[in-house]
Structures are given as C-alpha cells and as structure tokens.
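S.K.: I need the structure of the sequence given here:
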Amino acid sequence: MPRPNVVLIVLDDVGFGQLGCFGSPVATPNFDRLAREGLRYNRFHVTSICSATRAALLTGRNHHAVGVGMTMETPLTFPGYTGRIPPSAALLARILKDNGYSTFAVGKWHLVPRGEYSAAGPTTRWPLGQHMGFERYYGFLGAETNHWAPELWRDNTAVDAPRTPAEGYHLTEDLVDQAIGMVRDQQHAAPAKPFFLYFATGAAHAPHHVAPEWADRYRGRFDAGWEALREETFARQLDCGVVPSGTRLTPRPSWVPEWATLQAWERRVFARYMEVFAGFLTHTDAQVGRLLEFLDKDVTSKDTIVVLVSDNGASAEGSPAGTLNETAAWLAAGRSDAAEAARRVDEIGGPRVFNHYPWGWAWAGNTPFRLWKRYAWLGGVRTPLVVRWPGRLEGPGDVRPQFCHAVDIAPTLLEVAGIEPPRVVDGVPQQRVDGASIAATFTDPSAPAPRRTQYFEMHGSRGVYHDGWKATTDYVSPLFNERAHIPGSTSFGSEHWALFDLDADFSEAEDLSAEHPGKVVEMKRLWQEQAEANQVLPLFEGPSSLASLHPAPQPPPASATYRPGGGPVYEGALPAMFGGFTITASIAAPGEGILCAIGDWNEGMALYVLGGAPVACEVSGGATTRLVGEAALPAGRSLVSLSWSAGVLSLGVDGRAVATARHPAVFFAGVSTAAGGLLVGRDRGLPVSDDYTPPFAFGGELLGVRVDSGAPDGGPPPAERLGRALASD
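M.R.: Next comes the predicted model:
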C-alpha cells in the first residue's frame with residue numbers, strides 16, 4: 001500500500017480552550033472542520049514549553065533525554081539541558097527521508113542553541129542538518145519574531161521578507177505560501193512520492209500581530225471579562241464533549257484580578273488585547289485553511305494524514321496587565337504601563353508595538369485548568385490534539401479520551417507509514433524511544449492508552465502521571481516576577497505535592513494528598529525514578545544554574561569590523577554590548593542613509609546620516625534615546641561613532657562627542673531570541689526611528705563598521721541574564 005503524506009501542524013501558545021472545536025468562542029472554522037472530519041484527543045499532553053515540546057514531537061523521546069530540558073536560549077552543560085539533540089535521536093524527518101519521503105519544514109524551528117544561530121553555524125541542528133532530516137526549510141530559527149517584519153531563513157541562508165509591512169506583508173500568510181510552493185513543486189516533479197510537511201506557525205505566540213479588520217470583528221466581544229469567557233468556554237466544552245460531564249471548573253485564583261474590580265479604562269484596553277489575540281488566531285486559522293484547501297484539491301496523492309497540536313498551554317508572559325513591548329516587560333520583572341496602552345489602544349496588534357495580552361486571558365484560554373505555560377499543572381501541559389485521516393478513522397468528529405503525550409506522535413506517524421524505527425542511523429546506535437503509537441485509537445475508541453506513566457518538569461515545576469493519578473508540585477517559577485503574585489514553594493524539597501485522581505477529576509480540581517499520603521510518597525518516588533532515567537537532574541535552580549552555561553562554538557570577539565553587502569550578523573556573534581560598547585563607522589565619502597542598524601522601533605539601534613548630519617537612535621528597556629549632530633559631516637573621510645558607557649550614550653564625529661544623553665542598559669533581548677542581526681549600509685523590515693523608511697541604503701561610500709565591546713568579559717547579573725534568556729519561549 002502506498003505510504004500516506006504526513007502533515008504535522010504545530011500552533012504556538014494556544015491553550016486547551018482556545019480553539020472553537022475545544023470550546024472557544026473564537027472563530028476557527030478550518031480547525032473545527034479538521035475536528036469534524038477527524039478525531040479530537042482531550043487528554044493529550046506536552047512539555048509546557050516550545051523547544052522541549054518540539055524535541056519530543058520530532059524525536060519520540062522525552063525532552064530531557066535528548067538534551068532539551070528548556071529552551072534554546074539557555075543551553076547548559078548538564079546532559080538534559082544542553083540544547084543539542086544528539087545523533088542518537090534522529091528526527092522523524094530523517095527517518096521518513098531515509099524511507100522515500102520528501103521532507104519540508106516551514107515556520108518556527110527553535111531547536112538550535114542560541115550560540116549556533118549565526119551564519120557560521122554550525123548548522124548541524126538546523127532543519128537541514130544530517131540527523132534532522134529536512135530537505136527544504138523556510139522560516140525563523142528563534143523563539144519568536146515580528147510578524148510584520150520577521151527574521152527569515154531559506155534553507156541555511158538569511159533572506160529578506162518578500163514584501164514590506166507597507167505592502168501588506170504578514171508572516172503567517174508568507175509561511176502558507178511557501179509551504180504550498182514546496183509541496184506543489186514536489187508534486188509536479190514526483191507525484192507518487194510521499195511527503196512530510198512540518199508546519200509550525202509563529203502564531204499565537206506574542207507578539208500578537210494582525211491587521212485591524214481581523215481584530216475589529218471581535219470588538220466588544222470580550223467586554224464581560226475573563227471570568228465570563230472562562231465560563232462560556234466551559235459551557236461550550238461540556239456541550240461539545242471535549243470535557244466530560246461532572247467536571248468542575250477550577251475557580252479564579254487570587255492572582256488573576258476580578259474583572260469587575262478593574263476601572264472602566266482598564267477593562268477597555270484589556271479587552272482590546274484579547275480582541276487582537278482572537279483576530280490573530282482567526283487569521284491563523286484562515287491561512288491554515290488555505291493550506292488545507294490546497295492539500296485537499298491539488299495534491300495528486302490524496303492519502304494524507306494531518307495532525308494538529310499546540311506546543312504548550314496559553315502564555316501568561318504578558319504580565320497581569322499586558323504589555324505593548326514584551327521585551328521591556330521581561331526586563332521590568334513583569335511590570336507594564338497599562339495607562340500607556342490605553343493611550344495607544346488602537347496600535348495594539350500593529351507594527352508599532354510588540355504586544356502580549358494580560359494573564360487573565362491566558363487563565364481563560366486554559367479552561368478548565370489551572371495555571372499556564374511553563375508549569376506542570378494541566379494548564380501548561382494539556383493542549384488540543386486533532387488528527388484527520390480521511391477513510392482511516394472510526395467515528396469522525398468523536399473525542400478520544402486516551403492519555404497520550406507529544407512523544408507518541410512520531411511513533412504514531414511511523415506506524416501509519418509502515419516504518420520501523422531504526423536501530424542505527426549513520427552508524428550511531430539510536431537511544432530508547434519513549435513514545436508509543438496511538439494509531440490503534442484511530443479505529444478503536446476503547447483502545448488502551450499508549451502509556452501508564454509520564455513525568456513532567458519545566459523550570460523546576462514538576463509532576464508525574466501514573467494509572468490515572470497525577471501529582472503536581474506547587475513550585476513557583478522565579479521568572480516574570482510571578483513569585484510576587486502566586487503563592488507556593490520557592491525552593492526544592494519544601495514544596496507541597498498535590499494529588500489528583502484524573503479519572504474522576506478531569507480538571508485537576510480536588511487535591512487528595514491529605515486523604516492518600518501513601519500515594520503521594522509513591523508518586524514522588526516514581527517521579528524521582530523517571531527523572532534519573534531521563535537526565536532531568538540536576539534540576540534547574542534559576543540564576544545559579546547559569547554558571548553552567550554551555551559555551552558557544554564561536555565565542556563573541558572583543559572587537560570586529562563588518563562591511564556593507566553582507567547579511568545580518570547575529571546579535572549573539574557581535575562583541576558584547578551589555579558592559580559598554582563603541583560602534584565606529586568609517587566613511588570615505590558622505591551621503592545619506594544607514595551606517596548600521598539592528599532591530600526596530602520596538603527594540604534596536606540605528607546609526608545613520610540624515611540631512612548630512614549623523615544621527616543615532618537607541619531603543620531598549622522600554623526607553624528611546626535619539627542623538628543628533630548639529631553639523632553636517634565633512635566632505636572627505638570621517639569617522640562616526642556611537643558609544644554607551646556607564647549609562648551614557650554618546651554620538652561622535654572624528655573622535656569628538658557631538659551629542660550625549662543618558663540611556664538605560666542595552667540588552668537587545670528580543671533581537672537575540674528572534675535570531676536577529678546587525679545590518680551594515682542598509683536596514684530592512686521596520687525602522688528603529690521614524691526618521692527613515694527601510695532600506696534607506698547609505699548613498700555615500702562606507703568602508704566598514706567596527707564594533708568594540710567595552711567589557712568583553714562582562715555581562716548582566718545572573719538574574720537579568722536568566723530573564724533575558726528565558727523570557728521569550
């Protein structure tokens with residue numbers, strides 16, 4: 001029998017209750033059609049964070065067992081946290097390719113350690129790497145990116161977006177266009193050859209970017225608040241069967257403010273954040289709908305299995321009040337300026353902001369569960385799973401109740417393709433596969449679950465499932481200032497282990513630890529056994545663990561010179577800027593335009609010439625500083641410099657300061673996590689300042705730009721480094 005085409009769609013930060021087919025009032029007609037024509041699983045689990053779930057999905061192994069205990073921004077020397085998937089865990093794509101499949105990856109990757117994002121690689125863990133197994137790639141390598149002006153790679157080469165924001169560009173639309181193009185070309189060349197398409201959206205991860213016409217269709221829809229949305233979603237979930245009757249809706253926790261206590265202006269701006277998120281998700285659904293329409297109508301080999309998942313529960317990284325600038329919110333330990341958002345409410349979702357909604361909406365998005373992304377509670381680890389395989393499923397539209405996990409997806413897809421997992425790849429013995437196929441559930445609603453036991457751990461939050469029971473710690477993450485709001489343990493060994501009978505308590509609502517202390521001891525022992533078997537230990541302990549950061553293959557230089565004409569130089573490959581820096585542009589003949597630029601008006605730096613005079617604009621930590629030289633540059637050679645030291649930003653010409661101002665610390669955290677880089681002689685995408693429109697290429701003769709670190713061995717304090725590294729995931 002011919003092997004089926006395989007399409008794996010991974011949504012980002014979409015909670016259990018945020019798709020229409022899982023009870024949400026947000027319109028997702030194409031995802032809902034997949035559910036009507038396929039099966040929904042209401043006990044599907046992930047790792048609670050993006051990189052780790054992707055590693056589990058694509059290898060069939062537990063995330064610590066393949067070195068992806070956290071995200072790629074914090075690779076440690078501990079075996080379970082290196083961020084380096086080993087050759088002993090060849091990805092699903094590699095196995096399928098070795099068995100006659102064409103393999104394509106489109107969208108978010110986030111499986112490359114941050115020190116390997118640069119053009120120098122190594123590209124071993126990029127999608128086209130040998131044991132990764134993809135033949136084509138288009139998308140972004142980092143944690144997140146601007147949907148209006150993303151950092152894009154085609155195969156192993158950085159590329160500019162095909163259109164500008166002014167021309168109506170949007171990342172999700174581009175990703176679908178590229179996926180359709182890859183599959184169409186393959187089908188034209190070899191219509192009988194099966195393909196594997198891994199399609200991972202940037203949506204609905206922040207920034208929540210979408211055109212106003214998508215958000216405006218929800219205007220007023222969420223004015224009743226997050227409690228009302230949660231109750232409405234729960235009623236829909238009961239009605240459509242994704243939540244069993246008798247389930248208890250867990251109550252609003254103290255750290256989510258009661259909607260009625262908010263001021264009227266706060267309710268308006270908070271509701272707008274949710275309107276934009278809803279429009280963003282509906283827009284994503286429409287674009288995936290275009291992909292599905294193409295697959296259904298234009299693919300010659302019609303036998304195609306489609307699997308749709310989300311990588312973790314809804315995200316609370318927007319802080320209690322939401323934020324217009326996600327990066328600034330990280331660095332301010334979760335604080336945000338709701339009054340500023342109210343003044344700029346019409347900009348939410350647009351290119352001028354990098355917005356994320358208040359965490360009350362994340363709580364509602366994970367209905368009926370507690371907590372959210374990054375936690376071992378069900379709100380973090382239980383997400384939608386939809387499988388459509390026309391003619392091969394029993395009871396299309398049904399809900400399957402089997403406990404399953406991200407590690408089960410790869411074994412399932414190999415089984416339906418009739419492929420045995422290889423014992424050896426490229427001479428490397430393959431490590432234990434932790435997942436098991438759920439293919440039996442496709443035709444047998446009462447088939448047994450693929451596993452009896454599954455551990456959970458993320459940033460110290462721990463849990464374990466076994467035979468219907470789940471134990472979960474009350475450990476609170478040190479990130480995003482959550483400990484100032486959420487009660488619970490802040491140290492290992494002192495936390496409370498809550499106990500739940502998930503067979504009777506679908507929503508993890510009733511803690512039975514006092515009634516069954518022996519079971520708690522048993523579950524804690526089981527978690528320890530699983531942790532030892534999967535490289536979970538030692539546990540990540542916040543800033544102190546950063547002493548064990550895995551070094552980058554090419555440490556940043558103390559100074560370097562960059563010349564016009566190249567692609568972006570990844571931020572992590574530049575001389576360190578945190579402890580101070582000097583950027584010097586060597587000009588042979590004056591002209592207008594960009595000397596160098598990194599980032600955009602949400603966060604970044606640009607040094608340029610405007611009206612003959614030097615100008616610098618720095619945006620970081622939520623602050624914008626613009627410096628202008630009063631005099632025009634000389635007619636011949638000149639040196640234009642920008643330096644930052646001890647909180648003072650200085651613009652200079654030929655060694656003489658022409659403008660200075662105080663500016664907070666330079667981080668470029670968002671640029672780093674997006675795998676963004678420095679451009680010389682031009683800009684692209686969005687500008688750093690309203691003074692110009694990219695590319696604003698330099699019209700004179702630019703010899704090069706030298707970057708010198710003021711403290712090449714320095715860096716932010718460990719707690720701040722941790723916030724920078726882990727904030728965007």
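
S.K.: low-scoring stretches of the chain, by residue?
M.R.: In the predicted model of the chain, residues 1, 329-336, 667, 712-729 satisfy pLDDT under 70.

S.K.: Check which helices and strands the lengthiest helix in it is in contact with.
M.R.: Assignment by DSSP state H gives helix 264-298 as the longest helix of the chain. Where contact means 3 or more CB pairs under 8 Å, 6 or more residues apart in numbering; DSSP states H and E, helix 264-298 is packed against strand 5-11, helix 29-37, helix 171-189, helix 212-216, strand 304-310, helix 338-343, helix 359-365. No exception for glycine: its C-beta is placed from N, CA and C like everyone else's.

S.K.: can you rerun that using 6 Å?
M.R.: Under the contact criterion of 3 or more CB pairs under 6 Å, 6 or more residues apart in numbering; DSSP states H and E, helix 264-298 touches helix 29-37, helix 171-189, helix 212-216, helix 338-343.

S.K.: wait, which of the ones you listed is closest to His459?
M.R.: Among the helices and strands packed on helix 264-298, the nearest to His459 by CB to CB is helix 338-343 (26.7 Å).

S.K.: can you list the residues that contact the closest one?
M.R.: By CB atoms under 6 Å, 6 or more residues apart in numbering, the surrounding residues in contact with helix 338-343 are Trp265, Glu266, Val269, Ala321, Leu324.

S.K.: could you dump the helices and strands packed on helix 264-298 to CSV with mean neighbour count and distance to Ala362?
M.R.: Below are those laid out as CSV (neighbours: other CB atoms under 10 Å; distance: least, CB to CB, whole Å):
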stretch, mean neighbour count, distance to Ala362
helix 29-37, 20, 19
helix 171-189, 19, 21
helix 212-216, 16, 18
helix 338-343, 17, 16
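
S.K.: what about those, which gets the closest to Gly468?
M.R.: helix 29-37 (25.4 Å).

S.K.: counting contacts, what elements does the next helix-or-strand element following the closest one pack onto?
M.R.: For helix 29-37, the following helix or strand on the C-terminal side (DSSP states H and E) is strand 39-41. In terms of contacts (3+ CB pairs under 6 Å, 6+ apart), strand 39-41 is packed against strand 385-388, strand 399-400.

S.K.: what's the longest one packed up against?
M.R.: Applying 3+ CB pairs under 6 Å, 6+ apart, we find strand 385-388 packed against helix 29-37, strand 39-41, strand 304-310.

S.K.: Stretch 194-207: end-to-end distance?
M.R.: With CA to CA, to the nearest Å as the measure, stretch 194-207 spans 35 Å from end to end.

S.K.: what's in contact with it?
M.R.: 3, 5-14, 93, 96, 101-108, 144, 171-172, 179, 186, 280-281, 284, 326, 354-356.

S.K.: Going by neighbour count, which residues of it are buried?
M.R.: 194-207 (16 or more other CB atoms under 10 Å).

S.K.: again, but for stretch 272-279
M.R.: So, applying 16+ other CB under 10 Å, buried residues of stretch 272-279: Arg272, Tyr273, Met274, Glu275, Val276, Phe277, Ala278, Gly279.

S.K.: Do a quick rundown of the helices in the stretch 1-150 of the chain.
M.R.: Secondary structure of the stretch 1-150 of the chain, counting by DSSP state H, counting those that start in this stretch: helices at 29-37, 50-59, 92-98.

S.K.: The stretch 451-600 of the chain now?
M.R.: Under DSSP H, counting those that start in this stretch, the stretch 451-600 of the chain gives helices at 517-533.

S.K.: where along it do the strands fall?
M.R.: Counting by DSSP state E, counting those that start in this stretch, one finds strands in the stretch 451-600 of the chain at the ranges 453-458, 461-466, 469-473, 497-501, 559-562, 569-570, 581-589, 593-600.

S.K.: I'd like these laid out as TSV, including mean neighbour count.
M.R.: Converted to TSV, the strands of the stretch 451-600 of the chain look like this (neighbours: other CB atoms under 10 Å):
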stretch	mean neighbour count
strand 453-458	24
strand 461-466	24
strand 469-473	25
strand 497-501	21
strand 559-562	16
strand 569-570	24
strand 581-589	20
strand 593-600	26
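
S.K.: between those, which one is nearest to Ser118?
M.R.: Once these are compared by CB to CB, strand 569-570 is nearest, at 3.9 Å.

S.K.: what are the pairing partners of the closest one, and which direction each?
M.R.: Using DSSP bridges, strand 569-570 pairs in its sheet with strand 677-680 (antiparallel).

S.K.: which parts of the helix or strand just after the partner strand are buried?
M.R.: As assigned by DSSP H and E, the chain's next helix or strand after strand 677-680 is strand 701-709. Across strand 701-709, burial judged by 16+ other CB under 10 Å covers Leu702, Gly704, Val705, Arg706, Val707, Asp708, Ser709.

S.K.: who's the third one bridged to?
M.R.: Judged by DSSP bridges, the bridge partners of Val705 are Tyr562, Ala585.

S.K.: now the host helix or strand of Met605, how far from the chain's geometric center?
M.R.: Applying DSSP H and E as the criterion places Met605 in strand 603-610. From the chain centre to the centre of strand 603-610 is a distance of 28 Å (CA atoms, centre = their mean, to the nearest Å).

S.K.: Please apply the same query to stretch 669-679.
M.R.: Relative to its chain's centre, stretch 669-679 lies at 14 Å (CA atoms, centre = their mean).

S.K.: can I have it written out in PDB, keeping just the CAs?
M.R.: The C-alpha coordinates for stretch 669-679 follow below in PDB (Å, rounded to 0.1, in the frame of the first residue of the first chain):
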ATOM      1  CA  ALA A 669      16.900  40.600  24.300                       C
ATOM      2  CA  GLY A 670      14.100  40.400  21.800                       C
ATOM      3  CA  VAL A 671      16.600  40.700  18.900                       C
ATOM      4  CA  SER A 672      18.600  37.800  20.300                       C
ATOM      5  CA  THR A 673      15.700  35.500  20.900                       C
ATOM      6  CA  ALA A 674      14.400  36.200  17.300                       C
ATOM      7  CA  ALA A 675      17.900  35.400  16.000                       C
ATOM      8  CA  GLY A 676      18.100  38.900  14.600                       C
ATOM      9  CA  GLY A 677      21.300  40.600  13.500                       C
ATOM     10  CA  LEU A 678      23.200  43.700  12.600                       C
ATOM     11  CA  LEU A 679      22.900  45.100   9.100                       C
END
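
S.K.: Just give the nearest non-adjacent residue to Ala498, would you?
M.R.: Asp511 (4.2 Å; CB to CB, 6 or more residues apart in numbering).

S.K.: picking that back up, now render the helices of the stretch 1-150 of the chain as CSV, adding distance to Ala314.
M.R.: Compiled in CSV, these are given as follows (distance: least, CB to CB, whole Å):
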stretch, distance to Ala314
helix 29-37, 16
helix 50-59, 13
helix 92-98, 26
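
S.K.: Those helices: which one's closest to Ala661?
M.R.: Going by CB to CB, the one of the helices of the stretch 1-150 of the chain nearest Ala661 is helix 50-59, 37.4 Å.
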